[in-house]
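**Student:** How does the following fold in three dimensions:
(2 chains)
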Amino acid sequence: MNVNRKILASSIALAAASLAPLAAQAAQAAQAAVSDDKIVIGYMDDMNGTYSDLAGPGGLTAIEMAIEDFGGEVNGVPIELISADHRNDPAVASNLAREWMDQDSVDMITGLNASSVAIAVSKLVEQSNKFAMVTTAAADSITGEHCTPNHVHWVYDTFAVSDAAARAMVEQGGESWFLMSSDYAFGHAMEAAVENAVVESGGTIAGKIRHPFPTDDFSSYMLQAQGSGAQIIGLASAGKDLVNAINTAYQFGVPQGGQTLASLMVFITDMKSIGLDVAQGTQFVTGWYWNMDEQSREWAERFQQRVGRMPTMVQAGDYSAVTHYLKAIEATGSDDPAEVRAYLLENPIEDFFSRNGRLREDGRMVHDMYLAQVKAPTDSTGEWDLFEILATIPAEEAFRPLEESRCDLVSN
Amino acid sequence: MTMIFGVPLAVFMGQLMLGLINGAFYALLSLGLAVIFGLLKIVNFAHGAMYMLGAFSALLGLQHLGLNYWAALLIAPLLVAGVGMLIERVLLRRIAHLDHLYGLLLTFGLALIFEGTLINFFGVSGSSYPTPAALQGGMNLGFMFLPTYRGWVLVAALVVCLATWYIIERTRLGAYLRAGTENPALMQAFGVNVPQLITLTYGFGVALAAFAGVLAAPLYPVSPTMGANLLIVVFAVVVIGGMGSILGAVATGLSMGLIEGLTKVYYPEAANTVIFLVMILVLMLRPAGLFGKEA
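**Tutor:** Numbering: from 1, shown residues only, chains lettered A, B, ... in the order given. As a prediction, this is how the structure comes out:
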């Protein structure tokens, strides 16, 4: 008993002794402009799973490019980058985020694919007063009821990619809808957004089904959608799940039978995988396309040289988000989240990715979105020549209006 | 319209049909696992990877050599059987005398290596494999539109399952196999080359997985992770049926496909877990599995 107490006492003393210098460092850091004399960016994403092609390792390369283009340092302070695979699991992601912020002095966490992950990590970032830039996750609740002063949402969201598309389809006569969604935060948010848009524009919801995430076999769900007789089958799934769902629909003769598939969240990697034969004619809303103008092409070709394929909108957005984060630190001389956010709120966000972009008080970065269509095989001139941009949706119309926000940072 | 528990009869029948088709896949895969475990006592966690390699061989064969589907159905299993036999000779044989756990870990490691390597080259989204021309289109069964290819999968899988069961349970070769694993020393004394028999059996088991892989290629995107997702379900099927029981693997495979199909109609959110619920129930009530012999 006595020995145990001695050990306990001495280990407490040791722990205290080892913490003391840390406390001193922290006190110093508070005075210095940039904490720890370095900027550490943590990229956390799905590196091997369902979403790894559309974000994953390609996103990491995009961020490396952003840091290199910045010269590897801001105001003489070096920029470090660390990365990890969270396997789309909020628990894994939360542990990583804590470790990064507590032990590795990470200042900003980005990527954050899967909405469940983004929501979990943004709460932790708020507690530790660090910063997060959500690029890959889609749920619009990330800057709705889950908004915090410490994170922003950069590329797109479920509202932006589904609202305008659903309304347009109802207006063109697609009045009855069957919704098939991924059973987690993203699918739920998308389902709500589409249902709202369809009902508001005079359509009806003939049925809904939620499939487990991820799913390989969609035949059962597709059979139910087919049986519903709805004119439009809205697919609120992404990545490999979406590819699977569309392929299954063709096998069961769903589009051939006159029902229209509405793919609401489309990435170039998914359409490449499905192939133009099946995917041609699909209309969707996207935040960016590599071949939309000279600026975009230039960056995309640099990316392709390194990665071997063209970037998706989120990979382009990763570059954009990190670049603007570094610009904010350069201009304010501080990596304090409040100062970074204030800078981003005040300055326009324009680059090869974002047109007419600005950050709103709920943390949503709004920018022009685009209505696009998958090309027919005969119109495609190259391996990655897959989409045609049909129209631009102006930034102010593309995203959920601030008046409807459920974010408590917004003074409604 | 006639309703069954709130679902139209046509939809219900359609789901049963789909469940049967998925069940045929489970049966084919768990059959290979059961053969390998029943005869060699190896818990083959590389089985999913072998299934995936089967599908990939078909895809790459088509893209680079113009190998058509029917040829792939024959060649891919042979190719993968070769890989399997090499693995058995070089790796599994060395740990055969150790606890089952070592074989499990070794094959699990192999599976991760195969998957990781292919992810590196092909990404995870996968590529599609065209449905062979002769099996395109579908037929109207009245209650559903059945794609011809899925009908073919059901028939092909069932025929292979029955043939395997017949070979192992009803022929002289099967008798040798069973005897060779029960009492290798005695069989060796009779002049049977037991180590060779074991290598061939492992090769045959993984060839079944590769065959299932080729069957699956036109249905699901051919991707490096396709086996990993299926493997856990297939293991649950084998446990429910009784480790090593050939009949158990086939019967349980089909019935689990049906149960999963019905869950998708009535409570889709639970479709991925229902088989594991059944597994827990079976393990509690009959630990050796439904068709297993009590140890």
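**Student:** so what's the residue of the stretch 1-150 of chain A found nearest chain B scoring on pLDDT?
**Tutor:** Across the stretch 1-150 of chain A, the shortest distance to chain B (C-beta to the nearest C-beta) belongs to A:D53, at 4.5 Å. Any C-beta I mention is one placed from the backbone N, CA and C, and that applies to glycine too. Per-residue confidence at A:D53 stands at 87 (pLDDT).
**Student:** what does A:N75 give?
**Tutor:** Looking at A:N75, its pLDDT reads 92.
**Student:** That one contacts A:G333, doesn't it?
**Tutor:** Yes: A:N75 is within contact range of A:G333, at 6.2 Å (criterion: C-beta atoms under 8 Å).
**Student:** ok so, going back, tell me the contacts of the residue of the stretch 1-150 of chain A closest to chain B?
**Tutor:** By C-beta atoms under 8 Å, 6 or more residues apart in numbering or on different chains, the residues touching A:D53 are A:G239, A:F267, A:T269, A:S273, A:T312, B:G123, B:V124, B:S125.
**Student:** Ramachandran angles for A:D362?
**Tutor:** Here is the backbone geometry of A:D362 (degrees, to the nearest 10): phi -80, psi 0.
**Student:** mind checking the SS state of the residue of the stretch 1-150 of chain A closest to chain B?
**Tutor:** Put simply, A:D53 is coil when judged by DSSP: H, G, I helix; E, B strand; the rest coil.
**Student:** what residues does the stretch 51-200 of chain B put near chain A?
**Tutor:** B:119, B:123-128, B:131, B:138, B:144-145, B:147, B:149-150 (C-beta under 8 Å from any C-beta of the partner chain).
**Student:** Just name the closest of the residues you listed to A:R355, please.
**Tutor:** Distance to A:R355, by C-beta to C-beta, is smallest for B:S125 among those, at 28.1 Å.
**Student:** pLDDT wise, what is that closest one at?
**Tutor:** You'll see B:S125 listed with a pLDDT of 68.
**Student:** The one 5 residues further on now?
**Tutor:** In this model, B:P130 is scored at 88, pLDDT.
**Student:** What separation is there between it and B:Q63?
**Tutor:** Distance, B:P130 to B:Q63, by C-beta to C-beta, to the nearest Å: 11 Å.
**Student:** same check, this time on B:V124
**Tutor:** 18 Å.
**Student:** And those two? Which one has more around it.
**Tutor:** B:V124 (26 against 11; other C-beta atoms under 10 Å in any protein chain shown).
**Student:** which SSE is the more buried one in?
**Tutor:** Using DSSP states H and E, B:V124 sits in no helix or strand.
**Student:** which residues of chain B fall in strands?
**Tutor:** Remark: strands assigned in chain B by DSSP state E are B:3-4, B:7-8, B:138-140, B:145-147.
**Student:** Would you convert those strands into JSON lines that also reports mean neighbour count and mean pLDDT?
**Tutor:** Shown next, in JSON lines, are the strands of chain B (neighbours: other C-beta atoms under 10 Å in any protein chain shown; pLDDT from 0 to 100):
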{"stretch": "strand B:3-4", "mean neighbour count": "12", "mean pLDDT": "77"}
{"stretch": "strand B:7-8", "mean neighbour count": "16", "mean pLDDT": "77"}
{"stretch": "strand B:138-140", "mean neighbour count": "13", "mean pLDDT": "87"}
{"stretch": "strand B:145-147", "mean neighbour count": "21", "mean pLDDT": "89"}
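**Student:** follow-up on the earlier one: any chance of CSV for the contacts of A:D53, columns distance to A:R167?
**Tutor:** Converted to CSV, these look like this (distance: C-beta to C-beta, whole Å):
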residue, distance to A:R167
A:G239, 25
A:F267, 22
A:T269, 27
A:S273, 28
A:T312, 25
B:G123, 34
B:V124, 33
B:S125, 29
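**Student:** among the residues you listed, who's most crowded?
**Tutor:** Going by other C-beta under 10 Å, A:T312 tops these with 29 neighbours.
**Student:** Check which residues of stretch A:263-278 are buried.
**Tutor:** With burial defined by 16 or more other C-beta atoms under 10 Å in any protein chain shown, the residues of stretch A:263-278 counted as buried are A:263-276, A:278.
**Student:** oh sorry, the question was meant for stretch A:386-396
**Tutor:** A:L386, A:F387, A:E388, A:I393, A:A395.
**Student:** Take the residues you listed and keep only those in helices.
**Tutor:** Counted as lying in helices by DSSP state H, out of the buried residues of stretch A:386-396, are A:A395.
**Student:** which among the buried residues of stretch A:386-396 gets closest to chain B?
**Tutor:** Among the buried residues of stretch A:386-396, and counting by C-beta to the nearest C-beta, the member closest to chain B is A:L386, at 13.6 Å.
**Student:** sorry, back to before: export the buried residues of stretch A:386-396 as JSON lines, with columns for pLDDT and distance to chain B.
**Tutor:** Compiled in JSON lines, the buried residues of stretch A:386-396 are given as follows (pLDDT from 0 to 100; distance: C-beta to the nearest C-beta, whole Å):
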{"residue": "A:L386", "pLDDT": "96", "distance to chain B": "14"}
{"residue": "A:F387", "pLDDT": "96", "distance to chain B": "17"}
{"residue": "A:E388", "pLDDT": "94", "distance to chain B": "22"}
{"residue": "A:I393", "pLDDT": "92", "distance to chain B": "27"}
{"residue": "A:A395", "pLDDT": "95", "distance to chain B": "30"}
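**Student:** So which of the buried residues of stretch A:386-396 belong to strands?
**Tutor:** A:F387, A:E388, A:I393.
**Student:** Ignoring the adjacent residues along the chain, who's closest to residue 174?
**Tutor:** You didn't pick a chain, so chain A it is. The shortest distance from A:G174 to any non-neighbouring residue, by C-beta to C-beta, 6 or more residues apart in numbering or on different chains, is to A:I232 (4.2 Å).
**Student:** I was thinking of chain B, sorry if that wasn't clear
**Tutor:** Per C-beta to C-beta, 6+ apart, closest to B:G174 is B:I168, 4.0 Å.
**Student:** Roughly how far does that neighbour sit from B:T201?
**Tutor:** Distance, B:I168 to B:T201, by C-beta to C-beta: 9 Å.
**Student:** Out of the ones in strands among the buried residues of stretch A:386-396, which comes closest to B:Y176?
**Tutor:** A:F387 (60.4 Å).
**Student:** List of residues touching the helix or strand hosting A:L124?
**Tutor:** For A:L124, the host element (DSSP H and E) is helix A:115-127. With contacts defined as C-beta under 8 Å, 6+ apart, helix A:115-127 is touched by A:44, A:86, A:88-91, A:93-94, A:97-98, A:101, A:109, A:112, A:131-132, A:134, A:136-139, A:141-142, A:146, A:148-151, A:184-186, A:189.
**Student:** Stretch B:257-276 now?
**Tutor:** Taking C-beta under 8 Å, 6+ apart as the rule, stretch B:257-276 contacts A:183, A:209-212, A:215, A:220-221, A:224, B:5, B:7, B:11-12, B:15-16, B:18-27, B:233, B:236-237, B:240, B:256, B:278.
**Student:** Buried residues, it. List them.
**Tutor:** B:257-265, B:268, B:271-272, B:274-275.
**Student:** Walking through the stretch 151-295 of chain B, point out its helices one by one.
**Tutor:** In the stretch 151-295 of chain B, the segments counted as helices under DSSP state H, counting those that start in this stretch are B:172-182, B:184-189, B:194-216, B:226-241, B:246-266, B:274-285.
**Student:** now do the stretch 1-150 of chain B
**Tutor:** Using DSSP H, counting those that start in this stretch, helices in the stretch 1-150 of chain B cover B:9-40, B:47-60, B:69-90, B:100-122, B:148-170.
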